[in-house]
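**Student:** structural data only, the sequence is not supplied:
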């Protein structure tokens, strides 16, 4: 190869390298645009999974407390106290009152993870737990205390997005 052909060949390679670099950047940009919304879905899935775990923990504590209340003959009384796993709690018709749930479920003591909040806007709901520092009003766990006509229960509310604007505190 002559020197002149060598120089032409290098110029073509340099041009092709820049073109390849620009195509690579465009491809990466497109991948980012496609992949970013999927990461938001992973965060929502993680929040939902955490709330499902919390629901299971509360449901288990409710069953255990009610069984002990029945054994102590206070399951049908409006108020009483009961010692569950070494912790004395208040019970209402055999189920724990909402304020005492954090004593039985250690993870609820982590205030930076769980936001307990009395729920005044919905009749019958005594307490709501929302996951994370930025809770979404479309994704939460409600706890209904026991009444004379209804056992205590939990309700997991999950709407299309768990990443909406935070609930006013």
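**Tutor:** Yes, it's here. Computed from a predicted structure; not experimentally measured. Residues are numbered from 1 along each chain as shown.
**Student:** alpha carbons only for contacts and neighbour counts from here, please
**Tutor:** Fine.
**Student:** now the strands for the chain?
**Tutor:** Ranges of strands within the chain are 80-84, 87-92, 95-96, 114-117, 127-131, 139-144, 153-158, based on DSSP state E.
**Student:** could you give the angle of the lengthiest helix in the chain to strand 139-144?
**Tutor:** Longest helix in the chain by number of residues, with DSSP state H as the criterion: helix 3-71. Here helix 3-71 points in a direction 0 degrees away from that of strand 139-144 (axes from the mean of the first three to the mean of the last three Cα atoms, to 10 degrees).
**Student:** ramachandran coordinates for residue 94?
**Tutor:** phi 90, psi -10 (degrees, to the nearest 10).
**Student:** ok so, going back, turn the strands of the chain into TSV, columns for mean neighbour count and mean pLDDT.
**Tutor:** Converted to TSV, these look like this (neighbours: other Cα atoms under 10 Å; pLDDT from 0 to 100):
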stretch	mean neighbour count	mean pLDDT
strand 80-84	16	90
strand 87-92	18	91
strand 95-96	30	93
strand 114-117	18	66
strand 127-131	22	60
strand 139-144	22	82
strand 153-158	16	86
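**Student:** reformat these as JSON lines; add distance to residue 64.
**Tutor:** Shown next, in JSON lines, are these (distance: least, Cα to Cα, whole Å):
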{"stretch": "strand 80-84", "distance to residue 64": "8"}
{"stretch": "strand 87-92", "distance to residue 64": "12"}
{"stretch": "strand 95-96", "distance to residue 64": "9"}
{"stretch": "strand 114-117", "distance to residue 64": "22"}
{"stretch": "strand 127-131", "distance to residue 64": "20"}
{"stretch": "strand 139-144", "distance to residue 64": "16"}
{"stretch": "strand 153-158", "distance to residue 64": "13"}
